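Chemist: for reference, the sequence and a predicted model appear below.
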Amino acid sequence: MKAPSPVVVGPTCEAILRSDLPLLPDERRTIVIEFVGRRLLDLPMHMRYGVALIAIVVDGVRRSMGDDRVIALSRRPLPLIGEYFRLIRSLSFAYVWETWPDTQPDGGIA
């Protein structure tokens with residue numbers, strides 16, 4: 001387990017983006033998910049291992065209980081797991097509004 005795999009992080013990131021920015025166009029959502037995956041690969045080694053472990057646990061929850069359960073989990077103040085969701089959201093939102101500053105709060109294009 002060297003790094004959080006885009007295969008593991010991508011679906012969780014997509015679920016969060018679909019929930020938080022429901023009107024974000026599909027092509028933009030794909031670009032954001034790819035960006036988040038690349039940025040997670042740039043984390044320092046020990047942090048990458050921790051994020052990868054949490055990503056695997058969260059992806060297991062997503063696969064077994066569905067996206068809605070992961071979204072509910074992402075809104076709970078849980079140690080470490082909550083930080084994982086904050087990391088995904090902060091990278092995603094920063095990228096969206098830095099790249100497309102006219103984006104509306106729901107992800108729609110102005």
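Modeler: Thanks, I have it. Numbers count the residues shown, from 1 in each chain.

Chemist: excluding chain neighbours, what is closest to R62?
Modeler: Of all residues not flanking R62 in the chain, V70 sits nearest, at 4.5 Å (C-beta to C-beta, 6 or more residues apart in numbering). Every C-beta, even on glycine, is put in place using the N, C-alpha and C of the backbone.

Chemist: so what pLDDT did the most centrally placed residue in the chain get?
Modeler: Note on the chain: the residue nearest the mean C-alpha position is C13, at 2.9 Å, using C-alpha atoms, centre = their mean. As predicted, C13 sits at a pLDDT of 96.

Chemist: tell me which helix or strand it sits in.
Modeler: Assigned by DSSP states H and E, C13 belongs to helix 6-20.

Chemist: can you give me the buried ones in that helix?
Modeler: Under the neighbour-count criterion of 16 or more other C-beta atoms under 10 Å, helix 6-20 has 6, 8-17, 20 buried.

Chemist: past the longest helix seen in the chain, which element shows up next along the chain?
Modeler: In the chain, with assignment by DSSP state H, the single longest helix is helix 45-65. The helix or strand immediately downstream of helix 45-65 is helix 67-74, counting by DSSP H and E.

Chemist: shouldn't V36 be in contact with I88?
Modeler: Yes. Here V36 reaches I88: they are 6.1 Å apart, a contact under C-beta atoms under 8 Å.

Chemist: between these two, what contacts are shared?
Modeler: Common neighbours of V36 and I88, counting by C-beta atoms under 8 Å, 6 or more residues apart in numbering, are 9, 13.

Chemist: so for the residue nearest to R62, what's the pLDDT?
Modeler: V70 carries a pLDDT value of 94.

Chemist: quick one, what contacts it?
Modeler: V70 neighbours (C-beta under 8 Å, 6+ apart): 12, 15-16, 58, 61-62.
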